[in-house]
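Asker: Provided below for reference: sequence and predicted model.
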Amino acid sequence: MNNTANISIKEVSKSYQDNIAALDQVSLEITAGELFGLIGPDGAGKTSLIRILATLLLPDEGVASLNGWDVRKDYRTIRSNIGYMPGRFSLYQDLSVEENLHFFATIFGTKVEENYDLIKDIYDQLAPFKKRRAGNLSGGMKQKLALCCALIHKPVVLLLDEPTTGVDPVSRKEFWDMLGRLKAKGITTLVSTPYMDEASLCDRVALIQKGRILDVGSPNEIIDKYKHPLLAVRTDDMYRLINDLRTFDFTHTVFPFGEYVHLSLIQTVWPEVIASYLLSKEHTGLDIQAVKPTIEDAFMELMI
Amino acid sequence: MKQLGIFIKKEIYHILRDKRTLVILLGMPLALVLLFGFAITNEINNARIALVDLAQDELSQEISARLAASDYFTIEDQLPQVADIEPHFQKGKSKLVVVFPEQLQSNTRRGIPTSIQLIADATDPNTATTLINYAQAIIYSELQESTDNPKPPLHIQTEVKMLYNPRLKSVYMFVPGVMTVILMLVSAMMTSIAITREKELGTMEVLLVSPLRPPLIVIGKVIPYILLSLINTAVILMLGTFVFGMPVEGSLALLGLESLLFVVTSLGLGILISTRTESQQVAMLISLMALMLPTILLSGFIFPIESMPKLLQIISNIIPAKWFIIIIKNIMLKGTGFEFVWKETLILLGMMFLFIAASVRNFKIRLA
C-alpha cells in the first residue's frame, strides 16, 4: 500500500536536566504497515521515544525519521501526517464527543465524513454518547474517542502512548481489536504499553528498560529465546514459598506471577524433587505445573 | 481560515461553558464600577458635624443653616460648651466641630478680628482636610454676603477654577482607572490562564502535533478575549455615563480604537507570561503580582504619579496602563483628538509590538 510508512530510529539518546538518560543509544526499525509494541515498565523511556517521533522532543543524539521525514527538519510534514495519542487523556473535556471530533477533523483540514470509514467501527460505539461532554466519559470511552481524533485525518503513522493504561480489561480488548483492524488498513502503528500480555497482540515488540532496548522481535521469537525449564508453583504460604524456592539448589529465578510463582530452573528437574523439597520445608497445598514461558518471563530473564 | 474559525469557536465554547468564570468576567466590571462609584470614594457626603454656638446671634444661625443646607454636612449635635468637644470626638459622633465665638456678629460688623474655630478629627487626615476645606468655603461665602463691605481693603482674593472636572468628582478618575484594570485583567490574566490551561491539560501536546501553526493557535486563543474585553469596555463606559454622569467629550471611535490597542498590548503580555509558565496557578500569580498590582498602584489610577519618589516615577513609564489612562482621560474629559495623544499611542504601539514579538519568539513549538 502506498499510504504506509516505516519508522527508523538510529542511536537516539535523550536525557533530561537530571542527566539520567531516558533513552540510551536506541535503534529500531519498524516496517511499513506493522503493529509494533514498545513494552516496558514505567520510566523505561517509552514516552520519551514516542514524543521524539511525534516531534515534541528533540533527541540529544542520533537520528529518527518517519517515512523518510526527519524529526528535526521535517517536523511540520510529520505533524500533518501522523496521528498521536498522548499518554494522558488530552481532549477537551468541556467539549462534547462530536465537537471534539469535529474540531480535530477541521484543524487537520479534513471533514469527519471524509475518513469516516476509518473510524466507523470505533465511532459506532461512541455514537450514543455523542452529545456527552468528553470529561464525563468512562476511561475506555475516552481512549476510543482519543483514537478517533488521532485517526480522523487518515495518518500514515499512528503513535499511541500507553492507550490502555487505566482502562478496564473489556475495553482494553476492544481497543486492541481496533488496532488489529487498523493494521488491515495499512497504518503503521507504534503502541507503548506496560502490560506484557498485550505484547502477543503485536506483530513485533521491542522490550525496553532504563532507556535501552533489551530485545526486538515477534512475540514468538522472543519467547522462543527463553531456554530455561519453567514451572508454575503455588502452596498455601506464598510468601514463604518464594523465599524457600530461592534457596533451592536448581533454582534460576523465582518471580510471583498472578496466583502462582514462576520458577525457572538451571536444568530440568523432576517435579517430585521440587515437591519433596517443599514438603521438607513443611509447605501444604502444593500445586506444581510445567508451563510455557510468556513475554513477561522473557522480559524478566532479560532484565536480570 | 477554517482552522482559525473552528479554533475560535472552540475557545468560545470554553468560555461560555465555564459559567463561574464567565460570571466573574462579566460581573466584575459591574461590581467594580458600582463599588468605586458608590462606596470607595474620597468625596464627602453628609459628614456628621457638631456646633458649639457661643454667639447665638443672627450670623451664627445663618452660617449653621448654610452648613446644614449643603450636601456635605449633616448637623448631628449642638454642644453647649467647648469642654464638651473632646468627649464628643471620643465617642466618634462627628468628624468636625464648628465653634462660633461670643459676639460673632457684632464684632464682625465693627471690624474687630474674630475667628470661627474648626476642630476636625484628624485620625483620617484626608477626610479631615477635605472637611475643613468645605466648611471654610461655606463660611467665607456666608461672611462675604453678610458683611456690608463686599470688598475688604487690601485683601487679595484667589479665584480657583477647576478645569475639566469642576466639581472634582472622583468618578472622573475611577472610570478610566477601573476600565484599565478590567481590560488588563481580562486580557492579560485570562489569556495567560487560557493558554497555560492547554499545557496543563495536555491538549497543547495534541495541538502542537497538528498542522496548526503557533501564531494561529495564539490568535485563535486571544480573539474571543478581545471581544470580551470590548464588551467590558462598553459596559464600563455606559455605567460611567448613565449612572455616574461621566462625560465622553472626545470621539467614541478614537476611544474604542485606543482601548483596542491597550487590549492587544495586554494580550501580548498575557501570551508572553503563558509562554514562560507551565501551570494555570503560576500564570495567575504572575499576572496578579507583575501586572495587576503595578497597574493599580503605579499607573496613576489611585496614587498620582507626580507625588511618587523619582524611582517609582521612572518605573511607572514601563507600565502600559499609565499611558492608557493618560490617553483615555484626555479623550473623555478634555475631548482632545488624536493630535494630543499620539505620543502616548505610539508608546503603547511600541510596547504592543515588543510583547508580541517576544511571545512569538518564546512560543515553544516542542515540549520542554
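Answerer: Yep, it's here. No experiment lies behind these values; they were computed from the predicted model shown.

Asker: use CA for all of it now, contacts and neighbours both
Answerer: Fine.

Asker: so which bits of the stretch 1-150 of chain A are right by chain B?
Answerer: Contact residues (CA under 8 Å from any CA of the partner chain) of the stretch 1-150 of chain A with chain B: A:54-57, A:76, A:79-80, A:84-86, A:88-92, A:94-95, A:103, A:106-109.

Asker: sitting in strands, which of those residues do you find?
Answerer: Counted as lying in strands by DSSP state E, out of the residues of the stretch 1-150 of chain A next to chain B, are A:84-85.

Asker: could you tell me which of the residues of the stretch 1-150 of chain A next to chain B are located in helices?
Answerer: Judged by DSSP state H, the residues of the stretch 1-150 of chain A next to chain B include A:76, A:79-80, A:103, A:106-107 as members of helices.

Asker: now the helices for the stretch 51-200 of chain B?
Answerer: B:58-69, B:85-90, B:104-110, B:125-146, B:171-184, B:190-201 (DSSP state H, counting those that start in this stretch).

Asker: so how far is the second one from its chain's centroid?
Answerer: Yep, that's helix B:85-90 we're talking about. 35 Å (CA atoms, centre = their mean, to the nearest Å).

Asker: rewinding a little: quick check on the residues of the stretch 1-150 of chain A next to chain B: which are buried?
Answerer: In terms of neighbour count (16 or more other CA atoms under 10 Å in any protein chain shown), the buried residues within those are A:54-57, A:76, A:79-80, A:84-86, A:89-92, A:94-95, A:103, A:106-108.

Asker: taking the ones in helices among the residues of the stretch 1-150 of chain A next to chain B, tell me the two that lie furthest apart.
Answerer: A:76 and A:103 (19.4 Å; CA to CA).

Asker: could you check how far the residue of chain B most remote from its centre is from residue B:103?
Answerer: The outermost residue of chain B relative to its centre, with distances by CA atoms, centre = their mean, is residue B:110 at 48.8 Å. Here the criterion is CA to CA, to the nearest Å. By it, residue B:110 lies 11 Å from residue B:103.

Asker: and for residue 185, the neighbour number?
Answerer: You didn't pick a chain, so chain A it is. 14 (other CA atoms under 10 Å in any protein chain shown).

Asker: oops, chain B please
Answerer: Residue B:185 has 24 neighbours, counted by other CA under 10 Å.

Asker: what's the answer for residue A:270, then?
Answerer: So residue A:270, with other CA under 10 Å, has 8 neighbours.

Asker: now the helices for the stretch 51-200 of chain A?
Answerer: A:75-81, A:97-107, A:116-126, A:139-151, A:169-184.

Asker: any chance of JSON lines for those, columns distance to residue A:47?
Answerer: Below are the helices of the stretch 51-200 of chain A laid out as JSON lines (distance: least, CA to CA, whole Å):
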{"stretch": "helix A:75-81", "distance to residue A:47": "17"}
{"stretch": "helix A:97-107", "distance to residue A:47": "22"}
{"stretch": "helix A:116-126", "distance to residue A:47": "25"}
{"stretch": "helix A:139-151", "distance to residue A:47": "17"}
{"stretch": "helix A:169-184", "distance to residue A:47": "19"}
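
Asker: I'd like to know which of the ones you listed is closest to residue B:363.
Answerer: The nearest among the helices of the stretch 51-200 of chain A, by CA to CA, is helix A:75-81 at 15.6 Å.

Asker: mind giving me the packing neighbours of the closest one?
Answerer: strand A:69-70 (3 or more CA pairs under 8 Å, 6 or more residues apart in numbering or on different chains; DSSP states H and E).

Asker: ok, the strand it packs on: who's next to it in the sheet?
Answerer: If you go by DSSP bridges, strand A:69-70 pairs up with strand A:61-66 (antiparallel).

Asker: only alpha carbons, please: show the partner strand as CSV.
Answerer: Only the C-alpha atoms of strand A:61-66 are listed here, as CSV (Å, rounded to 0.1, in the frame of the first residue of the first chain):
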residue,chain,number,x,y,z
GLU,A,61,21.9,12.4,19.7
GLY,A,62,21.0,10.2,16.8
VAL,A,63,18.5,10.5,14.0
ALA,A,64,14.9,9.4,13.7
SER,A,65,12.6,9.5,10.7
LEU,A,66,9.1,8.6,9.8
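
Asker: which stretches of chain B have low pLDDT?
Answerer: For chain B, the stretches flagged by pLDDT under 70 are B:39-43, B:147-162, B:165-169, B:368.

Asker: strands of that one, start to end?
Answerer: B:47-53, B:73-79, B:96-100, B:117-120.

Asker: so of those, which one's packed in deepest?
Answerer: Mean neighbour count, computed with mean count of other CA atoms under 10 Å in any protein chain shown, is highest for strand B:96-100 among the strands of chain B, reaching a mean of 24.

Asker: how far does stretch B:45-57 sit from the chain's center?
Answerer: On CA atoms, centre = their mean, the centre of stretch B:45-57 falls 33 Å from that of its chain.

Asker: so what touches that stretch?
Answerer: Outside stretch B:45-57, the residues that touch it by CA atoms under 8 Å, 6 or more residues apart in numbering or on different chains are B:60, B:64, B:71-82, B:93-105.

Asker: and that stretch, how far apart are its ends?
Answerer: Start-to-end span of stretch B:45-57 (CA to CA) is 28 Å.

Asker: contacts for stretch A:226-245?
Answerer: Looking at what lies outside stretch A:226-245 - CA under 8 Å, 6+ apart - the contacts are A:251, A:254-256, A:259-268, A:278, A:281, A:283-293, A:297-298, A:301.

Asker: same check, this time on stretch B:260-273
Answerer: By CA under 8 Å, 6+ apart, the list of residues contacting stretch B:260-273 reads B:183-184, B:187-192, B:195, B:218, B:222, B:226, B:229-230, B:283, B:286-287, B:320-321, B:324, B:348-349, B:351-353, B:355-356, B:358-359, B:362.

Asker: could you export that stretch as CSV, CA atoms only?
Answerer: Output of stretch B:260-273 as CSV, limited to C-alpha atoms (Å, rounded to 0.1, in the frame of the first residue of the first chain):
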residue,chain,number,x,y,z
LEU,B,260,-8.4,48.0,21.4
LEU,B,261,-4.7,49.0,21.3
PHE,B,262,-4.5,48.6,25.0
VAL,B,263,-6.3,45.3,25.0
VAL,B,264,-3.9,43.9,22.4
THR,B,265,-0.9,45.2,24.3
SER,B,266,-2.2,43.4,27.4
LEU,B,267,-2.9,40.3,25.4
GLY,B,268,0.7,40.4,24.3
LEU,B,269,1.7,40.4,27.9
GLY,B,270,-0.6,37.6,28.7
ILE,B,271,0.8,35.4,25.9
LEU,B,272,4.3,36.3,27.0
ILE,B,273,3.5,35.1,30.5
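
Asker: tell me the spacing between residue A:76 and residue B:208.
Answerer: Counting by CA to CA, the gap from residue A:76 to residue B:208 is 10 Å.

Asker: actually residue A:285, not the one I wrote
Answerer: 57 Å.

Asker: out of the helices of the stretch 51-200 of chain B, flag the one nearest chain A.
Answerer: helix B:190-201 (6.4 Å; CA to the nearest CA).

Asker: that closest one near chain A at all?
Answerer: Yes - using CA under 8 Å from any CA, we find that helix B:190-201 touches chain A at residue B:201.

Asker: stretch B:280-291: how far from the chain's middle?
Answerer: 22 Å.

Asker: in that stretch, what counts as buried?
Answerer: B:280, B:282-284, B:286-288, B:291.

Asker: what's the end-to-end length of it?
Answerer: 15 Å.

Asker: likewise stretch B:101-115?
Answerer: Start and end residues of stretch B:101-115 are separated by 7 Å (CA to CA).

Asker: now mean pLDDT too, for the helices of the stretch 51-200 of chain A, in TSV please.
Answerer: Listed next are the helices of the stretch 51-200 of chain A as TSV, based on pLDDT from 0 to 100:
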stretch	mean pLDDT
helix A:75-81	92
helix A:97-107	94
helix A:116-126	87
helix A:139-151	91
helix A:169-184	89
